[in-house]
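Engineer: show me the folded form of this:
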Amino acid sequence: MNEVDLIDAMKLLSVSILIAGAAIGSATGVGGVGAKLIESTARQPAEANMLQNKAFLMAGMLDAIPILSVAMALLILFGDPLS
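Structural biologist: Here you go, the predicted structure:
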């Protein structure tokens with residue numbers, strides 16, 4: 001196994017860890033936001049509309065993290081470190 005093959009293998013491993021970690025973290029965060037939204041709406045039904053707007057805002061912010069990690073993964077995958 002030469003150096004180029006080793007670099008390619010490490011790039012694939014790091015990209016898969018990066019994307020999997022971001023997906024798991026984002027899914028956990030969005031699930032937590034959804035659970036707290038349901039809990040808060042059950043406690044304060046009059047504030048449901050405001051709580052829902054804030055929950056959607058937080059879910060959108062949490063979804064930005066995997067998008068950025070996919071961009072970083074593509075940069076790692078297709079960037080040429082030897083040039």
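
Engineer: number of nearby residues for the nearest residue to A55 once chain neighbours are set aside?
Structural biologist: Among residues not flanking A55 along the chain, L37 sits closest, at 4.2 Å (Cβ to Cβ, 6 or more residues apart in numbering). The C-beta positions use only the backbone N, C-alpha and C, and glycine is treated the same way. L37 has 18 neighbours, counted by other Cβ atoms under 10 Å.

Engineer: ok, L37 - contacts?
Structural biologist: L37 is in contact with 51-52, 55, counting by Cβ atoms under 8 Å, 6 or more residues apart in numbering.

Engineer: for it, helix, strand, or coil?
Structural biologist: Following DSSP: H, G, I helix; E, B strand; the rest coil, the label given to L37 is helix.

Engineer: how close does it sit to M61?
Structural biologist: Distance from L37 to M61, counting by Cβ to Cβ, to the nearest Å: 14 Å.

Engineer: ok, now V4?
Structural biologist: Distance of V4 to M61, computed by Cβ to Cβ: 39 Å.

Engineer: for A35, same thing?
Structural biologist: According to Cβ to Cβ, A35 and M61 sit 17 Å apart.

Engineer: any weak-confidence spans in the protein?
Structural biologist: Flagging of the chain using pLDDT under 70 yields the residue ranges 81-83.

Engineer: go ahead and flag the most central residue of it.
Structural biologist: In the chain, the centroid-proximal residue (Cα atoms, centre = their mean) is P66; its distance is 2.9 Å.

Engineer: what residues are up against it?
Structural biologist: P66 neighbours (Cβ under 8 Å, 6+ apart): 19, 22-23, 26.
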